[in-house]
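K.L.:
Attaching a predicted model along with its sequence, questions to come.
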Amino acid sequence: MPRMTLEINGAEHEIDSPSSATLLSVSREKVGLTGTKYGCGEGQCGACTVLLDGESTRSCMTPVRGAVGKQIRTVEGLAPNGDLHPVQQAFLAEEALQCGYCTPGMIMSAVALLETNSNPKRENIIEFMNGNVCRCGTYPRIVRAIERAAGKSLETGGRK
């Protein structure tokens, strides 16, 4: 097995893994970062979303060799000192989770959106988040959470 170095959440990790292994399996099984979830395994649901050089990426479809030399950020990397990221805070404030399985991927996609567009319109949010599936159907709360994180919280506590 080839030895590779991955930079995940600002730390280097030396791993032995087949180069065909997915970034999802390596980050969970070799590095121990289990916040990123396995959903469909086909890149369709978004549960496995991480940021790869700042871009929203489906880690279940990304060969680990494709992540070498790039900055990988998982949901664990959003609160390195225990202080929640504004998107995480907004998800809690808006109760934008039910079972929570999709939440790490939703949060990572929202972070990617807000890092490229700090003032998205509701339509931009919906379009960007379109590939993330929530089986519990908390989409209205997810959109409100992203609006809140972007500083668009309504005086009514973010509710319409």
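P.N.:
Received the coordinates, thanks. Because the structure is a prediction, the values reported are computed rather than measured. Numbering: from 1, shown residues only.
K.L.:
Now the residue most central in space within the chain. Nearest residue, chain neighbours left out?
P.N.:
Most central residue of the chain, judged by C-alpha distance to the mean C-alpha position with CA atoms, centre = their mean, is M108 at 2.2 Å. Counting by CB to CB, 6 or more residues apart in numbering, T49 is the residue found nearest to M108 once chain neighbours are left out, at 4.4 Å. Every residue, glycine included, has its C-beta placed from N, CA and C.
K.L.:
so what's that neighbour up against?
P.N.:
Taking CB atoms under 8 Å, 6 or more residues apart in numbering as the contact definition, T49 lies against 36, 56-59, 104-106, 108-109, 112, 132.
K.L.:
out of those residues, who's nearest A93?
P.N.:
When the contacts of T49 are ranked by distance to A93 (CB to CB), M106 comes first, at 14.5 Å.
K.L.:
wait, what's in contact with the closest one?
P.N.:
M106 makes contacts with 46, 49, 91, 96-97, 129, 132, 134, 142, as judged by CB under 8 Å, 6+ apart.
K.L.:
For it, what is the enclosing helix or strand?
P.N.:
Taking DSSP states H and E as the definition, one finds M106 inside helix 103-116.
K.L.:
now that helix: how far from the chain's centre is it?
P.N.:
For helix 103-116, the separation from the chain centroid amounts to 5 Å (computed by CA atoms, centre = their mean, to the nearest Å).
K.L.:
Give me the buried positions along it.
P.N.:
Judged by neighbour count (16 or more other CB atoms under 10 Å), helix 103-116 contains these buried residues: 103-114.
K.L.:
Please apply the same query to stretch 130-140.
P.N.:
Along stretch 130-140, these residues count as buried under the neighbour rule (16+ other CB under 10 Å): 132-134, 138.
K.L.:
Give me the distance between the two termini of it.
P.N.:
Start-to-end span of stretch 130-140 (CA to CA, to the nearest Å) is 13 Å.
K.L.:
Please apply the same query to stretch 95-103.
P.N.:
From its first residue to its last, stretch 95-103 covers 11 Å (CA to CA).
K.L.:
so for that stretch, what's the average pLDDT?
P.N.:
The average pLDDT within stretch 95-103 is 95.
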